[in-house]
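Participant: Got a predicted structure plus its sequence, pasted below:
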Amino acid sequence: MDKVYQTAVFEGGVLRVMASGVKSRETVLALPLGRLLVRLVRVAEGEDPVEVARGILSAASPFPDESLAVGLEQVCDEADGHAVYLAAALPEGSADDIADALDAAKLNVVRVDALVLGELRGVWRAIGGEGRRLVVFEGPDGVSLVVLDADLPVSIRAASPGLDLRREAMLSLLEAEDFGGPKPLGEVVRVRREAEDSAADSAAEPPAEPAPDPLASFGAPVRSIEIGADAGLAGIAERTAEDGSLNAMPDSWREVLAETRFKAKLLRNMIAAVAVWLVAMAVLFGVPIAYGYMTDYQKELGKRHAKQYKA
């Protein structure tokens, strides 16, 4: 995308716009993984990736009668002719609160992305390495779990707050084994936001004895990484400038965007037409008046010159 848009996130029931100095109502919206249907899809040569992904996502959707608008982002091409895509969709039946918040803020969405992909970009260098790694992103709407084989994602899942984190991590690893084959887990990386840590540090009482980390039970080393509160949004803004990045925007939102752009374009054209009409009217009526004034001035000047000549 050549145009620069605002970047916003709907998280914890609140819509927050990243401070970037961009003055535009057109916005790229980042959503927590738990608000989206997301799957990794392997597509054979000759197959339609949209139809393959739609069938898989529709089977997992809580709204089976709703036709999903599927967004795709190609992850890699495999040696056997298959292509791996990250597929995502936002069910409109679960997005009423998001739409209300956008209407209240008078924002027009041009793209819907997964916040975890922006956060993953922000910590990519810090988690770089070979082998299989489980990366756990913590947020107010739950936990996002991403399993990587080197630089290739083989599992991406969301876990709601309060669920057994060890069980969810085990399910992610089983999904990765099913998608990418059995491999030993080399490392677990827990990603926390600085704002959450600073709030915890400001507590008046000393912290209690920490509970055992459920992620430490997989026999792999566990380390933590801190990121800024807007690191995910900054990553989403970078992804927006790239071709082929994920867009899980529902069809009705696309129609609203097209209608809004059409109305804005029509208004601009009407303003331009009115401006041209006003200029034409000014020329049509103003030129004779100006010529009349100039003629009267010349006649008066001639009379004065005649009197001076006679004198």
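Facilitator: Sure thing, it's come through.

Participant: switch to C-alpha atoms for all contacts and neighbour counts from now on
Facilitator: Fine.

Participant: Relative to the helix or strand where residue 110 lies, what are the paired strands and their orientations?
Facilitator: In this assignment (DSSP states H and E), residue 110 forms part of strand 108-114. According to DSSP bridges, strand 108-114 has the following sheet partners: strand 26-31 (parallel).

Participant: Tell me which residues are up against the strand it pairs with.
Facilitator: 5-11, 107-115, 233, 236-237, 240 (C-alpha atoms under 8 Å, 6 or more residues apart in numbering).

Participant: how about it: buried residues?
Facilitator: 26-31 (16 or more other C-alpha atoms under 10 Å).

Participant: does residue 71 have beta-bridge partners, and which?
Facilitator: residue 88.

Participant: Wait, it touches residue 244, no?
Facilitator: No - between residue 71 and residue 244 there is no contact under C-alpha atoms under 8 Å: 9.8 Å.

Participant: Please say which of the two ends up with more neighbours.
Facilitator: residue 71 (25 against 13; other C-alpha atoms under 10 Å).

Participant: Now do the more buried one against residue 110, distance only.
Facilitator: Going from residue 71 to residue 110 by C-alpha to C-alpha, to the nearest Å gives 13 Å.

Participant: so what sits against both of these two?
Facilitator: residue 249.

Participant: any idea where the helices of this structure begin and end?
Facilitator: 49-60, 96-105, 115-122, 124-127, 165-180, 194-201, 231-240, 251-310 (DSSP state H).

Participant: Now do the same contact list for residue 23.
Facilitator: With C-alpha under 8 Å, 6+ apart, residue 23 has these contacts: residue 6.

Participant: tell me which helix or strand of this protein sits lowest on mean pLDDT?
Facilitator: Of all helical and strand segments in the chain, the minimum by mean pLDDT, DSSP states H and E falls on helix 194-201, at a mean of 51.

Participant: if we can go back for a sec, with mean neighbour count and distance to residue 81 as extra columns, can I get the helices of the chain in a markdown table?
Facilitator: Output for these, formatted as a markdown table (neighbours: other C-alpha atoms under 10 Å; distance: least, C-alpha to C-alpha, whole Å):
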| stretch | mean neighbour count | distance to residue 81 |
| --- | --- | --- |
| helix 49-60 | 16 | 13 |
| helix 96-105 | 14 | 39 |
| helix 115-122 | 22 | 26 |
| helix 124-127 | 14 | 27 |
| helix 165-180 | 18 | 16 |
| helix 194-201 | 12 | 42 |
| helix 231-240 | 21 | 26 |
| helix 251-310 | 12 | 31 |
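
Participant: Adding distance to residue 188, write these out as CSV.
Facilitator: Formatted as CSV, these follow (distance: least, C-alpha to C-alpha, whole Å):
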stretch, distance to residue 188
helix 49-60, 27
helix 96-105, 32
helix 115-122, 14
helix 124-127, 9
helix 165-180, 10
helix 194-201, 19
helix 231-240, 20
helix 251-310, 38
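
Participant: Could you measure from residue 131 over to residue 121?
Facilitator: From residue 131 to residue 121 the distance is 18 Å (C-alpha to C-alpha).

Participant: Tell me where the stretch 1-150 of the chain is predicted with low confidence.
Facilitator: 1-2, 21-22 (pLDDT under 70).

Participant: right, and residue 161 touches residue 139 too?
Facilitator: No - Residue 161 lies out of contact with residue 139 (C-alpha under 8 Å); the separation is 9.0 Å.

Participant: Between these two, tell me which one has more neighbours.
Facilitator: Neighbours were counted for residue 161 and for residue 139 using other C-alpha under 10 Å; residue 139 has more, 18 against 13.

Participant: Bridge partners for that one, pull those for me.
Facilitator: residue 142.

Participant: and it, how far is that from residue 116?
Facilitator: 10 Å.

Participant: next one: residue 294
Facilitator: Taking C-alpha to C-alpha, one finds residue 294 at 72 Å from residue 116.

Participant: Residue 296 too?
Facilitator: Applying C-alpha to C-alpha to residue 296 and residue 116 gives a distance of 77 Å.

Participant: Equivalent analysis for residue 288, please.
Facilitator: Taking C-alpha to C-alpha as the measure, residue 288 falls 68 Å from residue 116.

Participant: before we move on, what about residue 89?
Facilitator: Relative to residue 116, and taking C-alpha to C-alpha, residue 89 is found at 15 Å.
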